[in-house]
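Asker: okay, sequence plus prediction incoming.
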Amino acid sequence: MSIRTPVAVTTFERDAKTLELPWPFTGRDDELELIRGALAAGRHGIVVTGSAGCGKTRLVTEAVRGTDCVKVAGTPEARAIPFAAFSHLLPETVTLHRAVQLLSGVRLLLVDDAHLLDDASAALVHQLALHGRARLLVVATDGHPAPGAVSRLWTGELLPRLALDPLPREETAQLLTAGTGAGLEQLTVNRLHRLCGGDLRLLRDLVGAVRERGLLTRVEDADAWAWRGPLPLTATVRERTAHLLDRGCPEERETLERLAFGEPLVTDMDAFDLRVLERLEADGLIRIDDRGAVRLAHPLHGPVLRAAAGRLRARRLARTPEQCGPALDAETAGLARRAELADVRDVSAPVGEWLLDEGMPVPAGHAAVRARVARLRGRLREAAAWAREGLRTAGDDPDCRRELALAAAQSEDAGPDSTAALDAVEPYDAVRLGEPERAAGRLDGVFAQHADALARGDGPALDRVAEALQERGLVLFAAEAHAQAVRAHRDPRAARTSRTRAVALARRCQGARTPALSGLVLGELTARQRQIVTLAAAGLSNREIAERLTLSVRTVGNHLYSAYTRLGASDRAALPWLVELPTAQPA
């Protein structure tokens, strides 16, 4: 018996007249290739697990698109009905042995929400995996008890398991751009990423609510949109925080609200009833650190509780910016010290973020320091956004203007002469520009090691420097050191490894286009490959390139595949960091 069922495209009903299609699939390239590889001929399949809303179903749907796939799914309402998930594929009455036989002709079986399968369906999936009767793509949600027959798929090593991490900040930004069709400024992207914690369903819901309620404002000099102010209490937000909002105990609710309105400052646990704190901690709603400071467990909880409170209650409990003044000064000083020490890993600055999220003015001094730290971390769009916030408060602040210029000088938005805006008085910039002799005797620590390794043309030493820079959180500098190592290596394999690392780090730097990264390895390509890769990096499709160069689409694809192999790139997304684009973009 052979069963062939096409994979349907899901729609989401907004109201009786409107259907909203899912956002375009973006990111997860490595995970997508891993799943497709696990479903190739000779493989038995894979299990994909992850938190609720992290995009598991969308990822596997993309992985099986265009294949001969049969889909089943568990549901909580049918967990007591034998073979409920397979009811559309099996007779009304069937034994497990017979069910295995009937499904022996299925080439690929997608099992969604496997943690909700009834016991008989779970046993059937396990038997199919055990006997290799079909390639299996099994999806389960973390934090929910799964039938033993499902969990033994990976604990018993019948199938490999892909634990899906939350979508990283960089890929969240790509998804937001693709899904909204409009650019959101980086601080808004950061806020959405922080609140949603990788829950893509919640992300889409929040963005839709913010747009529909007119909460986005235009950032005139950045051609982007920003969100400031309170959190919309949408149906999805309430669903995700029902365990928080529905606390029946008045003392617990009072404690949670005091913590919510106490943000961004933390409160000592001695200010609360210890028994109430114990219950909230046991339920995962609060965290208490080693110093006895109490915080809400999730960044979403404070905004939700504040939005759900009445106006009078909010007026009584809310902090004012003046009350946070000393804490903001201490935060600014701490960030400045980190920047001076060039160690910007694990930076936390909740007071400034609170002011920003609430739509309050951010002091220019704080904004300039935040911009500097973001720039050192390679987050160039974030640096520019913080600098603009400071300039809104003090339009002539020289530190904010300097940070804005430096971020622009190193970004893809820079003009042809923008490299001159790099801080020429800083000796380390000479190293980054490939002129280590200008920094001789003026650097120490890892920066001096970088200058020395570059002057000697020592590829392995440059890679070690890059690793040390990355440990300090200096991601852009690390990417540049790896890129310089590519040219210094005599071993082609070591050069390819350095190139791959440089590209991976550059992808985290929000459009960085510095001299060390531009035109990274085009010299290794043939003239035709260089021509095609440059056009692809400029945004042309394979068909557009073929028409321009009078080639077949297949030939263009073959050249690109060969170029990817030589460049250590996986797809078009990596090309902007490898190619020096001409000043005038192709039409």
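Answerer: Perfect, I can see it now. Numbers count the residues shown, from 1 in each chain.
Asker: show me where the stretch 351-500 of the chain has its helices.
Answerer: Applying DSSP state H, counting those that start in this stretch to the stretch 351-500 of the chain gives helices spanning 364-376, 380-393, 398-409, 427-432, 445-456, 459-471, 475-488, 492-506.
Asker: check contacts around the nearest residue to Gly292 once chain neighbours are set aside.
Answerer: Leaving aside its sequence neighbours, Gly292 sits nearest to Met269 (Cβ to Cβ, 6 or more residues apart in numbering; 4.9 Å). (Each C-beta comes from the backbone N, C-alpha and C, glycine too.) Applying Cβ atoms under 8 Å, 6 or more residues apart in numbering, we find Met269 in contact with 277, 288, 292-294.
Asker: can you tell me which of the residues you listed is nearest Ser348?
Answerer: Ala293 (12.7 Å; Cβ to Cβ).
Asker: and the closest one, what pLDDT?
Answerer: At Ala293, the model reports a pLDDT of 92.
Asker: check Arg306 too.
Answerer: pLDDT, Arg306: 94.
Asker: got it, and Leu21?
Answerer: Reported pLDDT for Leu21: 47.
Asker: for the stretch 401-550 of the chain, give me the ranges with low pLDDT.
Answerer: Along the stretch 401-550 of the chain, segments meeting pLDDT under 70 span 412-425, 519-525.
Asker: sorry, wrong one. I was asking about the stretch 101-250 of the chain.
Answerer: The stretch 101-250 of the chain contains residues with pLDDT under 70 at 180-182.
Asker: about what we covered before: now tabulate the contacts of Met269 in CSV and tack on distance to Thr177.
Answerer: Compiled in CSV, the contacts of Met269 are given as follows (distance: Cβ to Cβ, whole Å):
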residue, distance to Thr177
Leu277, 42
Ile288, 38
Gly292, 42
Ala293, 37
Val294, 37
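Asker: let's see which of the residues you listed end up in helices.
Answerer: Leu277 (DSSP state H).
Asker: most widely separated two among the contacts of Met269?
Answerer: Leu277 and Ala293 (11.8 Å).
Asker: quick one: which of these two has more around it?
Answerer: Leu277 (19 against 13; other Cβ atoms under 10 Å).
Asker: quick one: residues contacting the more buried one.
Answerer: 255, 269, 286, 288, 294.
Asker: same deal with Ser121?
Answerer: 72, 74, 82-86.
Asker: right, and out of the contacts of Met269, which lies closest to His115?
Answerer: For the contacts of Met269, the nearest to His115 is Ile288 (30.6 Å; Cβ to Cβ).
Asker: number of residues surrounding the closest one?
Answerer: 16.
Asker: per-residue pLDDT, it?
Answerer: The model's pLDDT for Ile288 equals 93.
Asker: could you report the pLDDT at Cys324?
Answerer: pLDDT, read off for Cys324, is 92.
Asker: neighbours of it, how many?
Answerer: 20.
Asker: residues contacting Arg133?
Answerer: 100, 103-104, 106, 127.
Asker: what are the phi and psi values for the spatially most central residue of the chain?
Answerer: Nearest to the geometric centre of the chain sits Pro168, at 1.7 Å (Cα atoms, centre = their mean). When read as degrees, to the nearest 10, the backbone of Pro168 gives phi -60, psi 160.
Asker: CA atoms only for stretch 297-305 - export them in CSV, please.
Answerer: Extracted C-alpha coordinates of stretch 297-305, given in CSV (Å, rounded to 0.1, in the frame of the first residue of the first chain):
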residue,chain,number,x,y,z
ALA,A,297,12.1,35.2,35.6
HIS,A,298,11.3,36.4,32.0
PRO,A,299,11.7,39.8,30.3
LEU,A,300,8.2,39.6,29.0
HIS,A,301,6.6,39.3,32.5
GLY,A,302,7.3,42.9,33.7
PRO,A,303,5.8,44.6,30.7
VAL,A,304,2.8,42.3,30.8
LEU,A,305,2.1,43.0,34.4
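Asker: which residues are contacting that stretch?
Answerer: So stretch 297-305 is contacted by 194-197, 230-231, 233, 237, 240-241, 244-245, 256-257, 259-261, 263, 284-287, 296, 357 (Cβ under 8 Å, 6+ apart).
Asker: how close does the closest residue to Ile286 other than its chain neighbours get to Arg572?
Answerer: Once flanking residues are discounted, Ile286 sits nearest to Leu280: 4.6 Å by Cβ to Cβ, 6+ apart. For Leu280, the distance to Arg572 equals 48 Å [Cβ to Cβ, to the nearest Å].
Asker: what about these two, which has more around it?
Answerer: Remark: of Leu280 and Arg572, Leu280 carries more neighbours, 25 against 16, as counted by other Cβ under 10 Å.
Asker: check contacts around that one.
Answerer: 252, 255-256, 286.
Asker: in a markdown table: those, plus distance to Ala512, neighbour count and secondary structure.
Answerer: Below are the contacts of Leu280 laid out as a markdown table (distance: Cβ to Cβ, whole Å; neighbours: other Cβ atoms under 10 Å; DSSP: H, G, I helix; E, B strand; the rest coil):
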| residue | distance to Ala512 | neighbour count | secondary structure |
| --- | --- | --- | --- |
| Glu252 | 47 | 18 | helix |
| Thr255 | 45 | 23 | helix |
| Leu256 | 41 | 22 | helix |
| Ile286 | 39 | 23 | strand |
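Asker: now, which of those sits nearest Leu184?
Answerer: Out of these, the member with the shortest distance to Leu184 (by Cβ to Cβ) is Leu256, at 29.8 Å.
Asker: leaving out chain neighbours, which residue sits closest to that closest one?
Answerer: Leu305 (5.9 Å).
Asker: about what we covered before: select only the buried ones of the contacts of Arg133 in ChimeraX?
Answerer: Filtering the contacts of Arg133 down to the buried ones (16 or more other Cβ atoms under 10 Å) takes a single ChimeraX command:
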select :100,103,106,127
